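Q: mind folding the following:
(one chain, ligands or ions: 2)
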Amino acid sequence: MSSRARTSGTTVRASVWTDPGAPLSIEEVWLADPGSGEVGVRVAATAICGSDLAYVDGHWECPGPAVFGHEAAGTVDRLGPGVTDLALGDRVVVTLIRSCGSCRRCMAGTPVGCLGRFALDHRGPLRDGRGSEIGQGLGVGAFAEAVTVHRSQAVQIGPEIDLDVAALLSCGVLTGVGAVRNTARVAPGSFVVVLGAGGVGLNVVQGARLAGAAQVIAVDPDPEKLAAALRLGAGTAVAVGDGVRHAVLAATKGEMADYVFVATAALSAIETGFDLLGRMGTLVLVGMPPSGARVSLDPVTVASAGQRILGSKMGSGLPARDIPALVDLYMEGCLELDGLITARYALEEIDAALESARRGGALRNVIIMEESLIA
Ligand SMILES: [Zn+2]
Ligand SMILES: [Zn+2]
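A: Ligands and ions are numbered 1, 2, ... in the order given. You can find the predicted model right below:
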């Protein structure tokens, strides 16, 4: 793939991050036109994900300046050479999963582990006024009016779903539902515990309900999130604390959980999750603690009880298969999306939107980039 300097491009408004703790600034930045195998997308809406906050707040390391935002949807507005299966104006969900389609992992059906190399990895598409590179956060950079991404990152969807709602499918919903369906392959009748009922955890709850789990027990410190979990299919919702083990014992008739999904960045939840597992139980790590975190576990129990630990990245998703399937579930009334959006903000209000998400009071806050594209 070409790594030649890109010369043609366009100017877009973007929210530029420089340092943890500093407010984001709205700036005009230069965005390269798509190169070979790439597409340009005019962004309609971008939801704020926990990963955006982890970078903005410095819990995960990233050199500044950078444009974050990766849970996005919009319409195709530029096509790079060789892209023949999308057309200008097509409505797409944009994901951070950049995959080549031909490496060993892609061929095995796990594009989140793609081994391919991409021109955009080598040289991102964003520049400041002096021509210096601005990082393309998580390979998307969608707190901006437009993005340039690899073709594999854009998944076409139909006109039936609004793009602010569809944006949620790109990360939080794909990650949560996919952790259940793809990573863990939860069997009907299972006992499922979900630690953390935020934007991802609530979608684990939805996924567990869709998988036919016999018991779905949601755990969170926030009463509003617990109420949302009950609405979305949890049979039991319990506040973080001493009562959790008792609640799981009661709901599983003493057998404890077949699956515990850790959908929070809180490190203590991983050890709590182990303690809630039954025999042959599976712990699924979905949320990501700060860089460098370590946990301890009892290997004798893991081995003797036949337990498993699975990491789930982006719900082990195949975006081109899973996102249209999620749209279908939404249209059939089987997947809640509208109710996951707490509030909508303009790009200029992004600091307020981030602060609301940081305080934990929001399920998903969505930045509306271009209102006219939404419906
Ligand atoms: Zn995300
Ligand atoms: Zn690949």
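Q: ligand 1 contacts on the chain?
A: 49, 51, 171 (C-beta under 5 Å from the ion). C-betas here are computed from N, CA, C, even on glycine.
Q: doesn't His70 make contact with the first one?
A: Yes: in terms of C-beta atoms under 8 Å, Cys49 counts as a neighbour of His70; the distance is 6.6 Å.
Q: which neighbours do these two have in common?
A: With contacts defined as C-beta atoms under 8 Å, 6 or more residues apart in numbering, the residues shared by Cys49 and His70 are Cys171.
Q: buried residues in stretch 204-224?
A: Using 16 or more other C-beta atoms under 10 Å as the test for burial, stretch 204-224 gives 204-211, 213, 215-220, 222.
Q: which pair of the residues you listed spans the longest distance?
A: Ala211 and Asp222 (24.6 Å; C-beta to C-beta).
Q: not counting sequence-adjacent ones, nearest residue to the residue of the stretch 51-200 of the chain found nearest ligand 1?
A: At 3.3 Å from ligand 1, Cys171 is the closest residue in the stretch 51-200 of the chain, using C-beta to the ion. Setting aside the residues directly before and after it, Cys171 is nearest to Glu71 in space (C-beta to C-beta, 6 or more residues apart in numbering), at 4.2 Å.
Q: got the contact list for the one you found?
A: 46-49, 52, 142, 167-168, 170-172.
Q: pull the number of nearby residues for Met331.
A: Other residues within reach of Met331, judged by other C-beta atoms under 10 Å, total 12.
Q: what's the answer for the one 5 residues further on, then?
A: For Glu336, the tally of surrounding residues (other C-beta under 10 Å) stands at 18.
Q: same check on the one 5 residues further on?
A: Counted by other C-beta under 10 Å, the residues lying close to Ile341 total 19.
Q: surely it touches Arg364?
A: Yes: Ile341 is within contact range of Arg364, at 5.3 Å (criterion: C-beta under 8 Å).
Q: spit out the residues that contact those two alike.
A: Joint contacts of Ile341 and Arg364 (C-beta under 8 Å, 6+ apart) are 47, 168.
Q: on that earlier part again, pLDDT check: weakest of the buried residues of stretch 204-224?
A: Least confident by pLDDT among the buried residues of stretch 204-224: that is Asp222, with 93.
Q: distance check, that one against Arg105.
A: 37 Å (C-beta to C-beta, to the nearest Å).
Q: and if you look at Gly287?
A: Using C-beta to C-beta, Gly287 is found at 23 Å from Arg105.
Q: the stretch 101-250 of the chain: strands as residue ranges?
A: Secondary structure of the stretch 101-250 of the chain (DSSP state E, counting those that start in this stretch): strands located at 126-127, 133-136, 146-150, 154-156, 191-195, 215-220, 236-239.
Q: tell me which of these lies nearest to ligand 2.
A: Closest approach to ligand 2 among the strands of the stretch 101-250 of the chain (C-beta to the ion): strand 146-150, 10.7 Å.
Q: for the residue nearest to Cys171, name its beta-bridge partners.
A: With DSSP bridges applied, Glu71 shows beta-bridge pairing to Ala47.
Q: and it, how far is that from ligand 2?
A: 22 Å (C-beta to the ion, to the nearest Å).
Q: so that it lines up with my notes, have the first residue be 646 from now on.
A: In the new numbering, first residue 646, that becomes Glu716.
Q: quick check: Arg658 is in a strand.
A: Yes: assessed by DSSP: H, G, I helix; E, B strand; the rest coil, Arg658 belongs to a strand.
Q: which parts of this protein are helices?
A: Along the chain, the segments classed as helices by DSSP state H run 695-701, 749-752, 764-767, 808-811, 817-823, 846-855, 868-876, 888-896, 913-920, 944-949, 964-976, 995-1003.
Q: export those helices to TSV and tack on distance to Glu778?
A: Formatted as TSV, the helices of the chain follow (distance: least, C-beta to C-beta, whole Å):
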stretch	distance to Glu778
helix 695-701	17
helix 749-752	27
helix 764-767	11
helix 808-811	28
helix 817-823	28
helix 846-855	34
helix 868-876	38
helix 888-896	46
helix 913-920	36
helix 944-949	44
helix 964-976	26
helix 995-1003	21
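Q: what about Arg658, how many neighbours?
A: By other C-beta under 10 Å, 16 other residues sit near Arg658.
Q: who touches it in this structure?
A: Contacts of Arg658 (C-beta under 8 Å, 6+ apart): 671-674, 789-790, 992.
Q: which among these count as buried?
A: Among these, those that count as buried by neighbour count (16+ other C-beta under 10 Å) are 671-672, 674, 789-790, 992.
Q: let me know the closest of the residues you listed to ligand 2.
A: Ala789 (26.0 Å).
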